[in-house]
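> let me see the structure of the following:
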Amino acid sequence: MFNISLALSYFFSGFFMKLSDDEYDEKSNKAIAIVLGIVCGLFTAYACSIDLDAACIFIAILIGNILALKVDGIHHIATMASFIIAFLFLGLQSFTYLSIITIIICMIGAIIDEIGNDNEKIYSKSKFLEYFFDYRFALKVVILLLVLIGLLNIWSFIYFLCFEIAYEIARVFFEKYIL
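Below is the predicted model of the structure:
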């Protein structure tokens with residue numbers, strides 16, 4: 001049951017994250033974007049509260065987005081606030097420390113993804129780079145490498161793929177049914 005609830009938390013975090021972004025960016029619907037962002041933050045906080053790897057990955061993504069200056073809307077603030085409040089409320093159950101090394105390495109991957117994503121200078125260099133950064137592969141590669149060297153569990157990579165798949169499902173859903 002633990003694996004299923006963690007996988008679903010990753011999945012719904014990615015799904016609501018993309019819907020929140022698209023509502024804000026494509027439809028300028030701040031109210032719905034905020035609500036969807038809050039839901040995303042709650043799923044993310046739940047995952048982080050029950051799994052150390054999730055905490056390392058999602059905290060790294062949060063810090064990476066802040067450092068890459070990609071927190072650019074009220075929906076992002078609402079998402080961060082709901083995540084931080086819920087995470088502090090839920091706490092890291094039975095964990096006494098976070099791996100600072102893992103967070104820093106994942107943060108670097110997240111920053112690379114954010115700098116490359118929607119960057120026409122990089123996209124113009126090659127179709128490979130456009131695809132790589134459009135689908136934010138840097139963090140996926142980093143997480144896989146961390147699994148291979150033993151800093152993350154293989155399940156964490158699989159859960160993160162659930163997050164990414166849900167993000168893409170939400171993209172298609174939004175473009176087909178909402179936009």
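> helices or strands up against the helix ranked longest in the chain?
Among all segments of the chain classified by DSSP state H, the helix with the greatest residue count is helix 2-27. Contact partners of helix 2-27 among helices and strands, from 3 or more Cβ pairs under 8 Å, 6 or more residues apart in numbering; DSSP states H and E: helix 30-50, helix 52-67, helix 74-90, helix 154-173. Quick note: C-beta positions are derived from backbone N, CA and C, even for glycine.
> the second one: which residues count as buried?
Right, helix 52-67. Using 16 or more other Cβ atoms under 10 Å as the burial criterion, the residues of helix 52-67 that qualify are 52-66.
> for the first one, same thing?
Taking 16+ other Cβ under 10 Å as the neighbour-count basis, helix 30-50 is seen to contain the buried residues 32-50.
> hang on, the earlier thing: between helix 52-67 and the longest helix of the chain, find me the angle.
Between the direction of helix 2-27 and that of helix 52-67, the angle (axes from the mean of the first three to the mean of the last three Cα atoms, to 10 degrees) works out to 20 degrees.
> so for helix 2-27, what gets flagged as buried?
For helix 2-27, the neighbour count (16+ other Cβ under 10 Å) marks 6-24 as buried.
> re earlier: would you list the helices and strands packed on helix 2-27 in CSV and tack on mean pLDDT?
Formatted as CSV, the entries for the helices and strands packed on helix 2-27 read as follows, by pLDDT from 0 to 100:
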stretch, mean pLDDT
helix 30-50, 97
helix 52-67, 96
helix 74-90, 96
helix 154-173, 97
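> now do the longest helix of the chain and helix 154-173, the angle between them.
For helix 2-27 against helix 154-173, the angle between stretch directions is 30 degrees (the same axes, to 10 degrees).
> quick one: helix 2-27 to chain centroid distance?
Averaged C-alpha coordinates place helix 2-27 at 8 Å from its chain's average position (Cα atoms, centre = their mean, to the nearest Å).
> what about residue 62, distance to residue 68?
As defined by Cβ to Cβ, to the nearest Å, residue 62 lies at a distance of 11 Å from residue 68.
> swap in residue 129?
Remark: distance between residue 129 and residue 68 (Cβ to Cβ) = 17 Å.
> now do residue 160
Residue 160 sits 19 Å away from residue 68, taking Cβ to Cβ as the criterion.
> my guess is residue 40 contacts residue 21, does it?
No: taking contact to mean Cβ atoms under 8 Å, the distance of 9.4 Å between residue 40 and residue 21 leaves them out of contact.
> give me the element the nearest residue to residue 57 once chain neighbours are set aside is part of.
Closest residue in space to residue 57, ignoring its immediate chain neighbours: residue 106 at 5.5 Å, by Cβ to Cβ, 6 or more residues apart in numbering. With elements taken from DSSP states H and E, the one containing residue 106 is helix 100-116.
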